[in-house]
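**Q** Attaching a predicted model along with its sequence, questions to come.
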Amino acid sequence: MGDSVDRHVELWSKELGWMDPVKEAIFARLAILARHAAQARRDTLDSDGLKHWQFKVLLTLRRLGPPYEASPSRLAELLGLTRGALSARLGPLEDAGLITRTHDAGDRRRVHVRLTAAGYDAFEQHAASEEQGENALLSVLTEEEKRALADLLRKLVEAAEAGPADSRPRRSRSDGT
């Protein structure tokens, strides 16, 4: 038996004698899973009638917690957008009834962007659809295997987020070198 990565590694191990087959298998499988997850997310968004950028705005507001509201400048900062780019994105969401923009009663210059009940429901529907797909993919693993995989991936993410390996302090060996 085996998967496409086993065949890939077998072929390249013959061609590239210096290649570490275990490392190659790990990164090839991570790449396949990343592509699969990204495509599943796009398919789910399409079936839910949302664009990726629309979902990101809804997700960001939802992540803030009740009342699911932020100023445009805060929302732009959280999304990594300019205020102009955010403004262009908010219009269609407001037209669709997924968010509202209201002026502060105390200071009309201040605007609040708030998730509406329809926006909350759209986020929930999409998140539930994604959850089903992710559960289906992980269903081949036991709970213990899922925890072990999560722990191993955390270790890799922590290392990646710490920066390049050459810039991290090296551990000294017990023999003093």
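**A** That came through, no problem. Residues are numbered from 1 along each chain as shown.

**Q** Show the model's pLDDT score for residue 174.
**A** Looking at residue 174, its pLDDT reads 49.

**Q** How about residue 156?
**A** pLDDT, read off for residue 156, is 90.

**Q** can you tell me which helix or strand it belongs to?
**A** In the assignment (DSSP states H and E), residue 156 maps to helix 143-162.

**Q** Can you report phi and psi for residue 111?
**A** phi -120, psi 140 (degrees, to the nearest 10).

**Q** who touches it in this structure?
**A** By CB atoms under 8 Å, 6 or more residues apart in numbering, the contact set of residue 111 is 71, 72, 101, 102, 103, 104. Yep, even glycine has a C-beta here, placed from its N, CA and C like the rest.

**Q** Using the three-state scheme, assign residue 102.
**A** On the three-state scheme (DSSP: H, G, I helix; E, B strand; the rest coil), residue 102 is labelled strand.

**Q** any residues touching the helix or strand bottoming out on mean pLDDT in the chain, and which ones?
**A** Taking mean pLDDT, DSSP states H and E as the measure, the helices and strands of the chain show their lowest mean at helix 4-15, namely a mean of 83. Helix 4-15 is contacted by residues 19, 21, 24, 25, 28, 29, 32 when judged by CB under 8 Å, 6+ apart.

**Q** Would you indicate which residues of the following helix or strand past that helix are buried?
**A** Remark: after helix 4-15, the chain's next helix or strand is helix 21-48, criterion DSSP H and E. Applying a neighbour-count criterion of 16 or more other CB atoms under 10 Å, one finds 24, 28, 29, 40, 41, 44, 45, 48 buried in helix 21-48.

**Q** what packs against helix 21-48?
**A** Helix 21-48 sits against helix 4-15, helix 52-63, helix 117-138, with contacts defined as 3 or more CB pairs under 8 Å, 6 or more residues apart in numbering; DSSP states H and E.

**Q** What is the distance between that helix and the centre of its chain?
**A** Computed by CA atoms, centre = their mean, to the nearest Å, the separation of helix 21-48 from the middle of its chain amounts to 12 Å.
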